[in-house]
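> Next input, structure requested:
(one chain, ligands or ions: 2)
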Amino acid sequence: MKESSKIDGMSSNLLAIESSCDETSAAVIQDGTKVLSNIVASQIDIHKEYGGVVPEIASRKHVELIMPVVDKAIKESGIKREDIDGVAVTHGPGLIGALMVGLSTAKAIAFGLNIPLIGVNHLEAHMSAVHLENEVPFPFVGLVVSGGHTSLYLVKSHTEFEMLGKTRDDAAGEAFDKAAKIMGLPYPGGIEIDKLAKEGNRGAIPFPRPFMTTSTFDFSFSGVKTSVLYYLRKHPDPNNKELKDICASYQEAIVETLVDKTLLAAKENHVKSVVIAGGVACNSRLRELSKEKLEEEGISVYIPSPKYCTDNAAMIGSLGGFMFKNGTTSKLSLTPFSTSRPKQARGRGSQTKTA
Ligand code: KG4
Ligand code: ZN
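Ligands and ions are numbered 1, 2, ... in the order given. From the prediction side, this is the model:
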């Protein structure tokens with residue numbers, strides 16, 4: 001195998017692949033920080049019809065799109081295939097069928113070009129997206145808020161992540177999407193709620209703020225989602241103004257919970273920087289309130305640009321680049337996994353350290 005000869009000081013070019021949910025994406029990333037290309041083919045319009053992601057349809061679409069997307073990413077990067085030093089790929093968490101498509105493709109390319117494979121955790125990569133645009137001092141607290149996950153981490157270096165807490169039921173994005181569905185709004189509902197909330201009254205309805213105790217960094221969003229259902233049973237057929245008020249009040253309950261828990265984690269861990277990542281980090285109120293509340297306490301907030309918050313391969317190439325630099329590569333026997341799990345259990349027997 002072409003060994004990691006560029007590890008010491010020289011720059012590395014990684015091809016990165018992401019296919020964990022409903023975006024087929026490939027990127028070429030230099031040194032974990034520089035985006036040479038980042039192609040994202042979204043399937044949202046296909047899944048919209050069904051009100052959510054249909055796993056089997058997602059897998060089939062990935063099969064169709066993966067090679068054209070990879071080819072385009074390499075072409076746009078301006079580098080030659082022989083100048084690719086490794087292939088970084090999401091191997092979990094995500095939809096198993098969807099992950100299999102990206103993982104098999106990455107393995108075939110790594111084998112064919114005789115270069116290392118680097119299996120990357122999708123949630124950790126969401127936080128690494130920040131390194132594509134900013135230099136963030138370590139340690140920092142990272143909040144990952146997406147359609148499938150809501151987790152808090154203490155991030156000690158580019159490649160060291162310690163989970164502090166996570167949701168015990170629905171993810172924040174899922175709570176947005178499900179409540180939107182109850183309100184008859186299209187998928188993905190988070191974006192629709194964000195839009196309507198802009199013209200609503202945040203204090204109109206006192207939806208609950210779940211789990212706001214100081215004893216845990218875990219979250220719970222199923223209760224607040226159910227309270228929207230009960231509210232609509234009592235107040236059916238809201239007019240336009242009422243719908244905007246429900247959206248604004250509901251969004252405020254979720255966002256305030258996320259921000260307050262993150263602030264608590266930052267204070268308890270004595271960190272001065274916070275990174276917020278994942279699709280829900282596109283939310284305009286979350287971006288606004290986190291800056292307001294955390295900066296008031298002297299904590300800097302870093303949130304990637306929206307294109308690096310939603311699923312993309314550039315973030316996989318970022319974390320993959322730092323793993324490659326410290327010599328962490330994967331065997332071709334690497335398997336995908338569906339749910340987040342503790343670091344020590346991940347990729348057992350399939351991660352190797354070459355440096
Ligand atoms: O990270 P992501 O692209 O995919 C997953 O890994 O899940 O996140 C998608 C989630 C969806 O639940 C979507 O509704 C939510 O991010 N989202 C938003 C906004 N934009 C995307 N939620 C609230 N406000 C937004 N502006
Ligand atoms: Zn994601």
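
> Quick one: mean pLDDT over stretch 24-34.
On average, the pLDDT along stretch 24-34 is 98.

> Find the nearest non-adjacent residue to the most centrally placed residue in the chain, please.
In the chain, the C-alpha nearest the mean C-alpha coordinate belongs to Gly278, at 3.5 Å (Cα atoms, centre = their mean). In space, and not counting its chain neighbours, Gly278 is closest to Ser146: 3.6 Å by Cβ to Cβ, 6 or more residues apart in numbering. For glycine as for every other residue, the C-beta is placed from the backbone atoms N, C-alpha and C.

> tell me the contacts of Pro55?
Residues counted as contacts of Pro55 (Cβ atoms under 8 Å, 6 or more residues apart in numbering) are Leu95, Gly97, Ala98.

> gap between it and Val120?
21 Å (Cβ to Cβ, to the nearest Å).

> What is the helix or strand where Ile246 lies packed up against?
Using DSSP states H and E, Ile246 sits in helix 240-268. Under the contact definition 3 or more Cβ pairs under 8 Å, 6 or more residues apart in numbering; DSSP states H and E, helix 240-268 sits against strand 140-145, strand 150-157, strand 160-166, helix 172-182, helix 189-197, helix 222-234, strand 273-277, helix 284-295.

> Note down every partner strand of the second one and its orientation.
Looking at strand 150-157 with DSSP bridges, its partner strands are strand 140-145 (antiparallel), strand 160-166 (antiparallel).

> Least confident secondary structure element in this protein?
Each helix and strand of the chain was given a mean pLDDT (mean pLDDT, DSSP states H and E); the minimum falls on strand 351-353 at a mean of 54.

> How about the residues of the stretch 251-355 of the chain by ligand 2?
Asp311 (Cβ under 5 Å from the ion).

> try 6 Å
Contacts of the stretch 251-355 of the chain with ligand 2, taken as Cβ under 6 Å from the ion, map to Gly278, Gly279, Asp311.

> The chain too?
Close to ligand 2, as judged by Cβ under 6 Å from the ion, the chain has residues His122, His126, Ser146, Gly278, Gly279, Asp311.

> between these, which is closest to ligand 1?
Gly279 (2.0 Å; Cβ to the nearest ligand atom).

> Check what pLDDT that closest one gets.
96.

> check contacts around it.
By Cβ under 8 Å, 6+ apart, the neighbours of Gly279 are Val145, Ser146, Gly147, Gly173, Pro188, Gly190, Cys309, Thr310, Asp311.

> Check what pLDDT the third one gets.
This points to Gly147. 91.

> try the fourth one
Gly173 carries a pLDDT value of 95.

> One more: the one 5 residues further on?
Each residue has a pLDDT score; the one for Lys178 is 94.

> Compute the number of surrounding residues for the residue nearest to it when sequence neighbours are not counted.
Nearest non-adjacent residue to Lys178, counting by Cβ to Cβ, 6+ apart: Lys225, 5.4 Å away. Residues lying near Lys225 (other Cβ atoms under 10 Å) number 24.

> Can you give me the pLDDT of Lys225?
So, for Lys225, pLDDT stands at 93.

> contacting residues for it?
Taking Cβ under 8 Å, 6+ apart as the test, what Lys225 contacts is Asp170, Ala175, Lys178, Ala179, Ile182.

> neighbours around the residue of the stretch 1-150 of the chain found nearest ligand 1, how many?
In the stretch 1-150 of the chain, the residue found nearest to ligand 1 is Gly147; the distance is 2.9 Å by Cβ to the nearest ligand atom. Gly147 sits with 24 neighbouring residues when counted by other Cβ under 10 Å.

> helix, strand or coil for it?
Going by DSSP: H, G, I helix; E, B strand; the rest coil, the secondary structure assigned to Gly147 is coil.

> my guess is it meets Cys21, correct?
Yes. If you go by Cβ atoms under 8 Å, Gly147 and Cys21 touch, sitting 7.0 Å apart.

> got any residues that touch both of those two?
Val53.

> In terms of pLDDT, where does Glu3 sit?
For Glu3, the model assigns a pLDDT of 50.

> got it, and the one 4 residues further on?
The pLDDT attached to Ile7 in the predicted structure is 48.

> residues from the stretch 251-355 of the chain in reach of ligand 1?
Gly278, Gly279, Val280, Cys282, Asn283, Thr310, Asp311 (Cβ under 6 Å from any ligand atom).

> Tell me which two in the residues you listed are the farthest apart.
Using Cβ to Cβ, the two most remote members of those are Asn283 and Asp311, lying 15.6 Å apart.

> re earlier: where's the residue nearest to Lys178 relative to ligand 1, distance?
Distance, Lys225 to ligand 1, using Cβ to the nearest ligand atom, to the nearest Å: 12 Å.

> Low-confidence stretches in the protein?
1-9, 212, 340-355 (pLDDT under 70).

> let's see it at 90
1-11, 22, 42-58, 187-188, 209-216, 339-355 (pLDDT under 90).

> Show me the domain layout of it.
5-128+309-353, 137-303 (automatic domain parsing).

> Endpoints of the shortest one, how far apart?
Right, domain 137-303. 14 Å (Cα to Cα, to the nearest Å).

> In the stretch 101-250 of the chain, what residue comes closest to ligand 1?
Nearest to ligand 1, among the residues of the stretch 101-250 of the chain, is Gly190, at 2.2 Å (Cβ to the nearest ligand atom).
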